[in-house]
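K.L.:
Return atomic coordinates for the entry below.
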Amino acid sequence: YTAPVKLTDSAVVQAIAVKDGFDASHISKEFVRFVDRAQNGFKYTVFEGEWTERPDRETIKAVSSGTVFHYDVNKIKRRGDMVAILYEGFLDITIEGEYTFYAKANNGCVLNIDGRDIVDNGGYSGELETEGSCVLAPGRHPISIFYFENEGSERMDLEIKGPGLPLQTLPEQMIFMRDK
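P.N.:
Numbers count the residues shown, from 1 in each chain. Alright, predicted model coming up:
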């Protein structure tokens, strides 16, 4: 192709490279998402404190807050260590069914949907992946992610799969700042 490929809606784009005399490349897959920054995203609160295990949200000090488009812990201004971030929003589900969530965090995170902990990756074990499932009806569901870090590198990955939704990073267009 020599011209841009135009998309009008979110899509999965897959491509391979082909050249005479060479084997075709592996398939590259990219999820392309269109979002509205005025509606999509999380509200967040940054906390600081001292802890050796999962911090108690009632005893640590909130130091800043704002909104973000995605839950990338490295995109929020904060100190390097002994920090926690609470992301809050609403998960928009269009098809009823069982959804599985996978979380990997350094040092830990807890994913809560509709007031229930779905994934508890709350130990200090490096980047251990944990998973949990729940049945969700169509509509918007309160979602929170409580990420916490003691010392060292900071990272959190969250994936989802469910009806009509192949395994992928939690799509930004499914997260809203308001319930309606």
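K.L.:
Tell me, please, where in the chain the pLDDT is lower than the cut-off.
P.N.:
For the chain, applying pLDDT under 70 flags the ranges 1, 10, 31, 33-34, 78-80, 123-127, 151-153.
K.L.:
What residue in it is the furthest from its centre?
P.N.:
Taking Cα atoms, centre = their mean, the residue of the chain most remote from its mean C-alpha position is residue 21, at 41.3 Å.
K.L.:
a helix runs through that residue, doesn't it?
P.N.:
No: Residue 21 is assigned coil when assessed by DSSP: H, G, I helix; E, B strand; the rest coil, not a helix.
K.L.:
From residue 69, how far off is the residue nearest the centre of the chain?
P.N.:
Centroid check for the chain by Cα atoms, centre = their mean gives residue 158 as the closest residue, at 4.2 Å. To residue 69, residue 158 is 14 Å away according to Cβ to Cβ, to the nearest Å. For every residue, glycine as well, the C-beta is placed using N, CA and C.
K.L.:
what about residue 52, which SS state?
P.N.:
Residue 52 ends up coil, using three-state DSSP.
K.L.:
what's the burial count for it?
P.N.:
7 (other Cβ atoms under 10 Å).
K.L.:
again with the one 10 residues further on
P.N.:
When neighbours are counted by other Cβ under 10 Å, residue 62 registers 12.
K.L.:
element containing it?
P.N.:
strand 61-68 (DSSP states H and E).
K.L.:
Against which helices or strands is that strand packed?
P.N.:
strand 42-48 (3 or more Cβ pairs under 8 Å, 6 or more residues apart in numbering; DSSP states H and E).
K.L.:
partners of the strand it packs on, with directions?
P.N.:
strand 61-68 (antiparallel), strand 83-93 (antiparallel) (DSSP bridges).
K.L.:
ok now do the closest residue to residue 64 other than its chain neighbours, which residues does it touch?
P.N.:
In space, and not counting its chain neighbours, residue 64 is closest to residue 46: 4.6 Å by Cβ to Cβ, 6 or more residues apart in numbering. By Cβ atoms under 8 Å, 6 or more residues apart in numbering, residue 46 lies in contact with 62, 63, 64, 65, 76, 78, 83, 84, 85.
K.L.:
thought the last one was touching residue 74?
P.N.:
Translated: residue 85. No: look at residue 85 against residue 74 with Cβ atoms under 8 Å: they stay out of range, at 10.6 Å.
K.L.:
Tell me which of these two has more neighbours.
P.N.:
Taking other Cβ under 10 Å, residue 85 and residue 74 do not tie; residue 85 has more neighbours (24 against 9).
K.L.:
which residue sits closest to the more buried one, ignoring its sequence neighbours?
P.N.:
That would be residue 147: by Cβ to Cβ, 6+ apart, it lies 4.8 Å from residue 85.
K.L.:
now what about the strand or helix carrying the one you found, what contacts it?
P.N.:
Taking DSSP H and E as the criterion, residue 147 maps to strand 139-149. Residues outside strand 139-149 that contact it (Cβ under 8 Å, 6+ apart) are 42, 51, 54-55, 57, 71, 73, 81-93, 105-115, 156, 158, 175-176, 179-180.
K.L.:
Alright, that wraps it up for me.
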